[in-house]
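Asker: Build the 3D model from these lines:
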Amino acid sequence: MAACSLSNDCVGDINDPGAAPYGNFINYYTFNPPENRLSLIPATLLQDLGCSDGQEPTLLLDVGCNSGELSVALYKHLIQETVCEQQSNGSRVHLLGFDLDEALIQRAQQNNPLPSRISFIPLDITSDTDALQDHLIQHGCSHFHLCLCLAVTMWVHLNHGDSGLLHLLSCLASISEHLLLEAQPWKCYRSAARRLRKLGRSDFDHFKTLKIRGDIAEHAREHLERHCGMKLIQSFGSTAWDRKLLLFKRRLD
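Answerer: Residues are numbered from 1 along each chain as shown. Next comes the predicted model:
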């Protein structure tokens with residue numbers, strides 16, 4: 001996810017991971033391809049969650065979609081349809097991906113093979129969610145049936161502090177029936193700060209003052225269950241980068 005556009009002084013070393021202090025790596029999926037997550041996510045996930053049982057469309061949300069490769073791969077992974085099923089099933093599933101980095105979104109839009117089913121918009125969720133509400137209204141839904149927040153939490157946390165992280169989780173919980181969360185562990189925070197220092201730049205504004213530390217995934221689970229009306233229903237294990245994929249569901253009570 002990009003929580004801010006790159007400044008001009010990033011251009012010279014944009015291929016260096018440290019040049020993306022908001023997570024907006026320009027070639028992210030070359031070093032973390034979609035298969036790293038999709039191998040853990042069952043292709044039957046939408047059916048398992050009952051997302052396709054009703055008459056209303058099924059809405060998916062990809063938070064911090066970068067250049068869109070994972071969004072497209074996930075859609076194809078979950079919609080394993082035959083030709084005769086295309087109109088009755090696949091056409092009722094829509095995925096919206098967003099990222100603040102407009103250059104990445106432009107690339108996602110240009111390379112989108114399914115523009116009638118997948119859309120990409122530039123958006124900073126830390127300051128504006130109107131476009132997400134408009135999308136729900138457009139499709140006649142009150143919530144996204146499945147929201148993916150994969151490797152986004154750390155960048156919001158580092159750039160917006162503890163309150164920014166909790167606000168992100170609360171916001172996503174308020175608009176989602178199910179939330180698939182991959183939170184970077186604390187060692188990734190230290191690595192990100194170290195890369196920034198190697199480039200001779202100032203540290204992340206909030207890194208030294210963060211009180212939420214240690215097991216970030218556990219902190220996220222506690223907040224979602226205690227304050228956001230969600231419950232953890234499944235863990236799909238850990239990725240090759242040792243990050244847990246946790247699935248939460250909105251409680252009915």
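
Asker: Output the longest strand belonging to this structure.
Answerer: Criterion DSSP state E: the longest strand present in the chain is strand 230-238.

Asker: so how far is that strand off the chain centroid?
Answerer: Offset of strand 230-238 from its chain centre (C-alpha atoms, centre = their mean, to the nearest Å): 16 Å.

Asker: Where does the prediction get shaky in the protein?
Answerer: Segments of the chain classed as low confidence (criterion: pLDDT under 70) are 1-19, 52-54, 81-90, 253.

Asker: hmm, try it at 80
Answerer: 1-21, 52-55, 80-91, 201-202, 253 (pLDDT under 80).

Asker: Going by neighbour count, list what's buried in stretch 32-46.
Answerer: Residues 32, 34, 36-38, 40-41, 45-46 are the ones in stretch 32-46 that count as buried (16 or more other C-beta atoms under 10 Å). Using the backbone N, CA and C atoms, a C-beta is placed for each residue, glycine as well.

Asker: Among those, name the ones in helices.
Answerer: Judged by DSSP state H, helices contain the following of the buried residues of stretch 32-46: 36-38, 45-46.

Asker: With distance to A108 added, can I get these in JSON lines?
Answerer: Listed next are those as JSON lines, based on distance: C-beta to C-beta, whole Å:
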{"residue": "N36", "distance to A108": "19"}
{"residue": "R37", "distance to A108": "17"}
{"residue": "L38", "distance to A108": "17"}
{"residue": "L45", "distance to A108": "22"}
{"residue": "L46", "distance to A108": "22"}
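
Asker: Of those, which is the nearest to M230?
Answerer: Distance to M230 across those (C-beta to C-beta) is lowest for L45, with 16.9 Å.

Asker: Quick check: that closest one vs I233, distance?
Answerer: 12 Å (C-beta to C-beta, to the nearest Å).

Asker: And C171, by the same measure?
Answerer: 20 Å.

Asker: These two: who's more crowded?
Answerer: Applying other C-beta atoms under 10 Å to C171 and I233 shows that C171 carries more neighbours, namely 16 against 11.

Asker: For the more buried one, identify the helix or strand it belongs to.
Answerer: Per DSSP states H and E, C171 falls inside helix 153-175.

Asker: Mind giving me the packing neighbours of the helix or strand just after that helix?
Answerer: Next along the chain after helix 153-175, taking DSSP H and E as the criterion, comes strand 178-182. Secondary-structure packing of strand 178-182 (3 or more C-beta pairs under 8 Å, 6 or more residues apart in numbering; DSSP states H and E): strand 146-150, helix 153-175, helix 216-227, strand 244-250.

Asker: Fine by me, thanks again.
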